[in-house]
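Asks: Pasting the sequence and the predicted model now:
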Amino acid sequence: MNPAPNLPLPEPRMPLFGIPVYDLTWEGALSYVNELASLPLGPTHMAFLNANNANLMMSDPDYRKALSRTVLLPDGIGVDLASRLLNGERFVANLNGTDFIPAMLSYMDTPRRIGLIGGRPEVLARAAVNFRRHAPWHEFIEISDGFFDKNNCAGVLDDLKAARIDILLVALGTPLQEIWIDRNIRPEHARLVIGVGALFDFVSGEVPRAPLWMRHIRCEWVYRLWLEPKRLWYRYIVGIPVFLGHVARFKLFGLPRHAAGEDPRSQGRRRTDNRIEPRSRRAGTRQEPTSRRYS
């Protein structure tokens, strides 16, 4: 797939663990993605980086390679903390996908054909209904639930091609969705494709959002852990210390060769520092997504 958008970068990127992350205001990010969806060429792959995804990226070279070919947006307080420690400054906005995608659909006033892949069949159907209520000027096409053979998916890709999609939302969970998109989506499938994780669960009402006050103080993860402790305890109870360990090691030593997919036996004992210098920061205040909620 086409890894790079054919547009000039409107605002700075800052590096996290050797991967550039777009440092955009809400207005800048929505405007930029709106332009990406208007391009005659594609696809451009967009994804979100949070602490859990960063942990996966540090142990999965295929996932890292897929993310290196995306428009990557910051999601959550963990990556904010990492950027503060590694770059000396936080991201200007928390562009988490659960808020960003509905805001994007509202922002785009040109009607688009939007394909949906992922989730259980009933969750996919309810999410499509609620998307149509939220932004009725767009057309939402249910391409497939998430229960198809990811290694033998010619039928899904044929259906996707026939649907003539502008924007594709893929909810297969990380790292599967990003790797699947990177390996399978081509220009004939969509112009903009976004990995959205558990978004369909939230939009369908299958999983409730945290109370607004918890979202304001950036603690939605605590609410999710309370709702689904058996499924999410490892992600948060173990994952947060692991993430902080990655931040500390990267601060001291740079990116480990195994995380970049290199064979350390072929590199000797030479240290490779894969950090990227951040671009100059523009003036402005930090923004929060309080006005970008799904309704």
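Replies: Received it, and whenever you're ready, just let me know what you need. Model, not experiment: these values are computed from the prediction.
Asks: shouldn't Arg13 be in contact with Val21?
Replies: Yes - in this structure Arg13 lies within contact range of Val21 using CB atoms under 8 Å: 6.1 Å. C-beta coordinates here come from the backbone N, C-alpha and C atoms, glycine included.
Asks: of these two, who's got more company?
Replies: Comparing Arg13 with Val21 by other CB atoms under 10 Å, the one with more neighbours is Val21, at 29 against 17.
Asks: so which helix or strand takes in the residue positioned nearest the centre of the chain?
Replies: Centroid-nearest residue in the chain, with CA atoms, centre = their mean: Phe48, separated by 2.1 Å. When elements are assigned from DSSP states H and E, Phe48 belongs to strand 44-49.
Asks: Ok, Ser31 next?
Replies: Using DSSP H and E, the element containing Ser31 is helix 26-38.
Asks: What residues of that helix count as buried?
Replies: 26, 28-30, 32-34, 36-37 (16 or more other CB atoms under 10 Å).
Asks: swap in stretch 203-214?
Replies: Applying a neighbour-count criterion of 16+ other CB under 10 Å, one finds 203-204, 209-210 buried in stretch 203-214.
Asks: thinking again about what came up before, how about the buried residues of helix 26-38 in TSV, adding pLDDT and distance to Glu228?
Replies: Putting those into TSV (pLDDT from 0 to 100; distance: CB to CB, whole Å) gives the following:
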residue	pLDDT	distance to Glu228
Trp26	95	28
Gly28	92	33
Ala29	94	28
Leu30	95	30
Tyr32	92	33
Val33	93	29
Asn34	93	34
Leu36	89	33
Ala37	90	33
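Asks: Which one of those residues is nearest to Glu89?
Replies: The nearest member of the buried residues of helix 26-38 to Glu89, counting by CB to CB, is Gly28 at 16.3 Å.
Asks: Could you check how far the closest one is from Asn34?
Replies: Look at Gly28 and Asn34: by CB to CB, to the nearest Å, they are 11 Å apart.
Asks: all helices of the stretch 101-250 of the chain, in order?
Replies: Counting by DSSP state H, counting those that start in this stretch, the stretch 101-250 of the chain has helices at residues 121-134, 154-163, 176-184, 199-204, 212-216, 220-227, 229-233, 239-253.
Asks: between those helices, which one is nearest to Arg191?
Replies: Among the helices of the stretch 101-250 of the chain, helix 154-163 comes nearest to Arg191, with 12.4 Å by CB to CB.
Asks: From the contact counts, what lies against the closest one?
Replies: strand 113-118, strand 139-144 (3 or more CB pairs under 8 Å, 6 or more residues apart in numbering; DSSP states H and E).
Asks: Show me the one of those strands that comes nearest Leu252.
Replies: Between Leu252 and those, the shortest separation by CB to CB is 38.2 Å, and it involves strand 113-118.
Asks: How far off centre is that closest one?
Replies: Mean-position distance between strand 113-118 and its chain equals 16 Å (CA atoms, centre = their mean, to the nearest Å).
Asks: Report all helices and strands that it contacts.
Replies: By 3+ CB pairs under 8 Å, 6+ apart, strand 113-118 packs against helix 121-134, strand 139-144, helix 154-163, strand 167-171.
Asks: rewinding a little: between the helices and strands packed on helix 154-163, which gets nearest to Arg235?
Replies: strand 113-118 (18.7 Å).
Asks: shaky segments in the stretch 1-150 of the chain?
Replies: 1-12 (pLDDT under 70).
Asks: on that earlier part again, angle of the helix holding Ser31 against strand 113-118?
Replies: Orientation note: helix 26-38 sits at an angle of 100 degrees relative to strand 113-118 (axes from the mean of the first three to the mean of the last three CA atoms, to 10 degrees).
Asks: In CSV, could you pull the C-alpha coordinates for helix 26-38?
Replies: Extracted in CSV, the C-alpha atoms of helix 26-38 (Å, rounded to 0.1, in the frame of the first residue of the first chain):
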residue,chain,number,x,y,z
TRP,A,26,-7.9,18.8,16.9
GLU,A,27,-8.7,21.2,14.2
GLY,A,28,-5.4,20.5,12.4
ALA,A,29,-5.9,16.7,12.6
LEU,A,30,-9.5,16.8,11.4
SER,A,31,-8.6,19.2,8.5
TYR,A,32,-5.7,17.0,7.5
VAL,A,33,-7.6,13.8,7.5
ASN,A,34,-10.5,15.4,5.6
GLU,A,35,-7.9,16.3,2.9
LEU,A,36,-6.5,12.8,2.9
ALA,A,37,-10.0,11.4,2.2
SER,A,38,-10.3,13.8,-0.8
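Asks: Return the list of helices and strands in contact with it.
Replies: Counting by 3+ CB pairs under 8 Å, 6+ apart, the packing neighbours recorded for helix 26-38 are strand 44-49, strand 71-74, helix 97-107, strand 192-195.
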